[in-house]
Structures are given as C-alpha cells and as structure tokens.
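Peer 1: could you work out the structure for the sequence below:
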Amino acid sequence: MNYEAFAEFYDRFFGDFLDDLAFYQGYAERAGSPLLEVGCGTGRLTVPLAAAGFHLTGLEAAGAMLERARARAEAAGVADRIRWVQGDAIRGIPDGPYPMAFIPLNTFLHFDSLEAQQAVLRHLHRALEPGGFLLLDCLNPDAAFLAEHGQVALRGWQEEGASLLLWFEARRVDAAAQRLELVILVEVLNPDGTWRRWAFPSAMRFVWPGELRLLLEGCGFTVEAMFGNYDLSPYREDSPQMLVVARRR
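Peer 2: As a prediction, the model looks like this:
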C-alpha cells in the first residue's frame, strides 16, 4: 500500500479509535518504559501512552505518517517522551533494550510472507530485554472472514458540510496461500457534485492460531496468553481478534 498517500485517510477513519488503548496500557504498566511500537502510524496509540507517562520509540515506514505523528505529539505536549524512527522492521529494530514491544491493528500481518514475519520476530527478540513483553493484534481467520472472498463492502462514511467521504473495501482471500489481498477504495463527493477516487491495494499474510504460537516459539518467545477481544475475553474460534501476549526467553 502507498501509505504516504494514505496517511490523510488513515486519520479520518482510525485516528480516534482507542478501543485497544487499555490493553496496551495495562501491560505497559507491568513492563515500564521505554516501550517500542512497530507500525506506529500517525501516533494514534503512541501519543496517549506518552501522555500517560511512558517513554516510547515509534517505528514507522511511511514518512507522511510520521509527520502527522510528530504534529500530534507536539499538540499534546509529549514530544519529549517519544523517539520517532522511520524504517522497516523487516530490516531492523531501533536499539533497545525494551521491556515491551507491541504491533497493533494487523500490522504484523502486513509483513506478508513467512520469511518477513520471522525476520521481524527475530529483530524484536534481539531488541527486547529478557522476559520482555511482545503484544500482537492479528485478525482471526475464522469462517466468516474466509467467506468474505470477492466481496466489496462499505466500511465507513463521513459527512463534512457538502462533502461526503465513502470508504469501501474489496477482499480476495486465498486460504491455501494464507493471503488476503485488500483494496481500500476512497471516494469523496465534492461540493460541486464531482467525485475524487483513490484505490489503495495491500496484502496481508494471515496466520492460524497454532501457527502463530509456533512462529513465536521458534523465534525465542513463550506465549503467555491469547485473548479474543480487547476486553481480554478468552480466544475462541469466532473471536474478532487474536491478541497474543508473549515473553522473550
């Protein structure tokens, strides 16, 4: 996906989403600073965690995302608690050691090959201190998810005066390859009645629960817990998420 161009729309739809904040903050209170966020985007979680008193490193590949993150941190008065780093976690992780790292909102799945996911986990293992926490938020590939193959769905809309913004998603699921090909379609109705349209293709390699556990164990982690939602309910086959809490061995 072209995250440089997508940055503006990311904030429009996800900028105020904080359902997962308590999950990360609860473990951060156990771990302490500094925290590492991989795929920090525009600072959606980084900034409120800094406002709660933590020091963080935010790693993000897209410069446009980081520009918005820096502006958000300045506006919140927490810029001195955050180190922003532009980079790709496949190639490396900013120097630690960290007592806790986290990868929110399916970002881990956007490392869209087995080799890439293993590389990220190995880099994280080196960056975390012994016993350090790693928290992953991954979609649960249940039957309903697999049935979305070939569908186009309206995921959200916003009105701003005479303007209308629509967000569609088209999905193609290849269960054998464990691959989700996703196209986000954004359409904006201008006040003069004309439309502007953007298409943002991306891909994810989804993982099965047992496979994720084996991936983590093979890269030096021990899985401590797996939850199915941000309220820390137990993971089940039909859970909306796989929230994994692992510790570095």
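Peer 1: part of a helix, is residue 237?
Peer 2: No - Residue 237 is assigned coil when assessed by DSSP: H, G, I helix; E, B strand; the rest coil, not a helix.
Peer 1: from residue 223, how far out is it?
Peer 2: According to CB to CB, to the nearest Å, residue 237 and residue 223 sit 18 Å apart. For every residue, glycine as well, the C-beta is placed using N, CA and C.
Peer 1: look at those two and report which has more neighbours.
Peer 2: Higher neighbour count among residue 237 and residue 223: residue 223, with 18 against 9, using other CB atoms under 10 Å.
Peer 1: now do that one, the pLDDT please.
Peer 2: With respect to pLDDT, residue 223 has a value of 98.
Peer 1: and for the one 3 residues further on?
Peer 2: What the model reports as pLDDT for residue 226 is 97.
Peer 1: what's the answer for residue 142, then?
Peer 2: We have a pLDDT of 82 for residue 142.
Peer 1: what does it show for phi and psi?
Peer 2: In terms of degrees, to the nearest 10, the main-chain angles of residue 142 are phi -90, psi -180.
Peer 1: how about the contacts made by it?
Peer 2: Contacts for residue 142 (CB atoms under 8 Å, 6 or more residues apart in numbering) come out as 237-239.
Peer 1: got it, and residue 146?
Peer 2: Here residue 146 is in contact with 173, 175 (criterion: CB under 8 Å, 6+ apart).
Peer 1: roughly how far apart are it and residue 188?
Peer 2: Note on residue 146: its distance to residue 188, by CB to CB, is 32 Å.
Peer 1: what helix or strand is residue 7 located in?
Peer 2: Assessed by DSSP states H and E, residue 7 sits inside helix 3-14.
Peer 1: which neighbouring elements make contact with that helix?
Peer 2: helix 63-76, strand 152-160, strand 163-174, strand 179-189, strand 195-205 (3 or more CB pairs under 8 Å, 6 or more residues apart in numbering; DSSP states H and E).
Peer 1: repeat the analysis, applying 7 Å as the threshold.
Peer 2: When contacts are defined as 3 or more CB pairs under 7 Å, 6 or more residues apart in numbering; DSSP states H and E, helix 3-14 sits against helix 63-76.
Peer 1: what angle do the helix it packs on and helix 3-14 make?
Peer 2: Relative orientation of helix 63-76 versus helix 3-14 (axes from the mean of the first three to the mean of the last three CA atoms, to 10 degrees): 50 degrees.
Peer 1: the helix or strand that contains residue 85 pairs with which strands?
Peer 2: Assigned by DSSP H and E, residue 85 belongs to strand 82-86. According to DSSP bridges, strand 82-86 forms sheet pairs with strand 56-60 (parallel).
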